[in-house]
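Colleague: here you go, sequence then predicted model.
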Amino acid sequence: MTAIVKPSMLAMLGGGQLGRFFVVSAQKLGYQVTVLDPDPNSPAGKLADVHLCQKYDDQDALDIIIKTCKAASTEFENIPAKTLECLQKAIIVRPSAYAVSIAQNRILEKSFLKKNNFPVGDFKVIETVNDIKSVDSSLFPAILKIAQFGYDGKGQIHVNNMEELNRAFTQFKLQPCVLEKKLNLHTEVSVVMARSNDDKKVFYPLIENKHVNGILDNSTIPANIDKKLSECARDIADRLSTALEYVGVMAVEFFIANGSIFVNEIAPRPHNSGHFSLDACLNNQFDQQVRALVGLPLVDTSIHSKAIMVNLLGDVWFQGDQLISPPFEEIKAENIAIHLYGKKDPRRGRKMGHFTVTGDDTKEILSAVKLIRAKLSM
Ligand code: ADP
Ligand code: MG
């Protein structure tokens, strides 16, 4: 396998923070990047060599990518599968339109997992009002999730009975949904891994995740869970990547409930919970994404430190209704890294950045995290 030569242009579909870190890694490795994102202020567009400020299905923009880029990857899982199909006729696209199309649609994703005997919690596909009639009451309490375009807990409504389910489905304007039984979660964990075109795989250590209001709040590495479950998670991610013929960086979110492990969802891209790798590893998840895309060998995923990563939501920029500048300059230590994504408008619940504390001792890391939270009133 020969790698794409440097300094070829690579395309990144999506200009959010994940795309921004991809640009940094790609440029570090000697490549150039064209970012496609309709937002003129997109975090990745600002660092890219070229920013195509067009919609994701704009044919002129896709033609420019085909003409000027050797390969394309995505950071935004709602990228239209048609866009990826169009590009992959002409240039390398990793992950493929097929893999992304499954991961971006909860109905296809859940059905794929079930068909291939991966463990998933009980669910029912709801596409019509008729589907509601045959819902078994043992599924309640449940969560109705729109099949596409949900993120950070958006596009989800908790329902306890038929009446609430009917109301929620109407609220979603009868869009296709899945209804998931609410699991009594013990922990959430994720596996971030990369698979190359020649079936080489690398795995980051298991990550333990805490969500608040459906949004990732913090991730701890390594996860403090039973070794058997941890091996099981890794094995599932391994087999899943093969089943999807996946090339690139993939994250699998898991639920641990009642002593068993269930796949929650697949992210066809680097993952928020993998951000620790920017500061606790020699090679971060975005380095692997670039490498898998251009055909360079995947590299070491081991951690040189333990870590806790904490998301900085727009809420940190508010004191009541008042916008403030958080006192980041007061937080200084060699083992603390603050990453801000360059987003202009802080909004409550919007991911504006994150910080990571590294060290040898989880207790010490935890007390540093507490001090930082106090400083930032979070
Ligand atoms: P998103 O695309 O927003 O990440 P998820 O399906 O991962 O959507 O849901 C977000 C979070 O909501 C999960 O990480 C978990 O904390 C909670 N959640 C989602 N589904 C369930 C479920 N079936 N049972 C219990 N908690 C759930
Ligand atoms: Mg999720």
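Modeller: Looks like it arrived, so ask away. Ligands and ions are numbered 1, 2, ... in the order given.

Colleague: burial of the nearest residue to I303 once chain neighbours are set aside, as a residue count?
Modeller: Distance criterion Cβ to Cβ, 6 or more residues apart in numbering; nearest residue to I303, sequence neighbours excluded, is A280 at 4.7 Å. From N, CA and C alone the C-beta is placed, and that goes for glycine too. Applying other Cβ atoms under 10 Å, we find 26 residues neighbouring A280.

Colleague: surely A280 touches S219?
Modeller: No - with contacts defined as Cβ atoms under 8 Å, A280 does not count as touching S219, sitting 10.6 Å away.

Colleague: now do the phi/psi pair for the residue nearest to I303.
Modeller: phi -110, psi 0 (degrees, to the nearest 10).

Colleague: how about T187, what does it touch?
Modeller: Applying Cβ atoms under 8 Å, 6 or more residues apart in numbering to T187 gives the contacts E208, A223, I225, I256.

Colleague: which one of those is nearest L108?
Modeller: I256 (24.3 Å; Cβ to Cβ).

Colleague: wait, a strand at that closest one?
Modeller: Yes - applying DSSP: H, G, I helix; E, B strand; the rest coil, one finds I256 inside a strand.

Colleague: dump the residue contacts of it.
Modeller: Counting by Cβ under 8 Å, 6+ apart, I256 has contacts L185, H186, T187, E188, V189, I225, L229, F262.

Colleague: can you tell me how far it sits from L240?
Modeller: Remark: distance between I256 and L240 (Cβ to Cβ, to the nearest Å) = 17 Å.

Colleague: and the stretch 251-378 of the chain, which residues reach ligand 1?
Modeller: E253, N264, E265 (Cβ under 6 Å from any ligand atom).

Colleague: how about the contacts of T187 in a markdown table, adding secondary structure and pLDDT?
Modeller: Putting the contacts of T187 into a markdown table (DSSP: H, G, I helix; E, B strand; the rest coil; pLDDT from 0 to 100) gives the following:
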| residue | secondary structure | pLDDT |
| --- | --- | --- |
| E208 | strand | 98 |
| A223 | coil | 97 |
| I225 | coil | 94 |
| I256 | strand | 97 |
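
Colleague: of those, keep whichever come out buried.
Modeller: Buried residues within the contacts of T187, counting neighbours by 16 or more other Cβ atoms under 10 Å: E208, A223, I225, I256.

Colleague: with respect to K343, which of those residues is nearest?
Modeller: Nearest member of these to K343, counting by Cβ to Cβ, is E208, at 26.7 Å.

Colleague: got phi/psi on the nearest residue to the closest one once chain neighbours are set aside?
Modeller: In this structure, E208 finds its nearest non-sequential neighbour in A223, 3.6 Å apart by Cβ to Cβ, 6+ apart. When read as degrees, to the nearest 10, the backbone of A223 gives phi -70, psi 140.

Colleague: residues contacting A223?
Modeller: Neighbours of A223 in contact, by Cβ under 8 Å, 6+ apart: T187, V189, P205, L206, I207, E208, S230.

Colleague: the last one in helix, strand or coil?
Modeller: Which is S230. helix.

Colleague: now the second one
Modeller: The three-state assignment at V189 reads strand, by three-state DSSP.

Colleague: pairing partners for it in the sheet, please.
Modeller: On the basis of DSSP bridges, V189 is bridged to E208, F254.

Colleague: which helices and strands sit right next to the helix or strand harbouring K210?
Modeller: Applying DSSP states H and E as the criterion places K210 in strand 207-212. Judged by 3 or more Cβ pairs under 8 Å, 6 or more residues apart in numbering; DSSP states H and E, strand 207-212 is in contact with strand 185-195, strand 215-221.

Colleague: how much space separates L47 from R195?
Modeller: Taking Cβ to Cβ, one finds L47 at 26 Å from R195.

Colleague: quick one: which of these two has more around it?
Modeller: Ranked by neighbour count (other Cβ under 10 Å), L47 and R195 place R195 first, with 27 against 20.

Colleague: isn't the more buried one right up against A292?
Modeller: Yes - with contacts counted by Cβ under 8 Å, R195 reaches A292, the gap being 6.9 Å.

Colleague: so which bits of the stretch 1-150 of the chain are right by ligand 1?
Modeller: G121, I143, G150.

Colleague: buried only: go through these for me.
Modeller: Of those, these count as buried by 16+ other Cβ under 10 Å: G121, I143, G150.

Colleague: pull the number of nearby residues for the residue nearest to K154 when sequence neighbours are not counted.
Modeller: Of all residues not flanking K154 in the chain, G214 sits nearest, at 7.5 Å (Cβ to Cβ, 6+ apart). Counted with other Cβ under 10 Å, the neighbours of G214 add up to 15.

Colleague: try N166
Modeller: 14.

Colleague: quick revisit: I'd like to know which of the buried ones among the residues of the stretch 1-150 of the chain next to ligand 1 is nearest to V24.
Modeller: G150 (27.8 Å).

Colleague: shouldn't the closest one be in contact with Q156?
Modeller: Yes - with contact defined as Cβ under 8 Å, G150 and Q156 form a contacting pair (6.2 Å).

Colleague: A strand includes E180, no?
Modeller: Yes - according to three-state DSSP, E180 belongs to a strand.

Colleague: cool, thanks, signing off.
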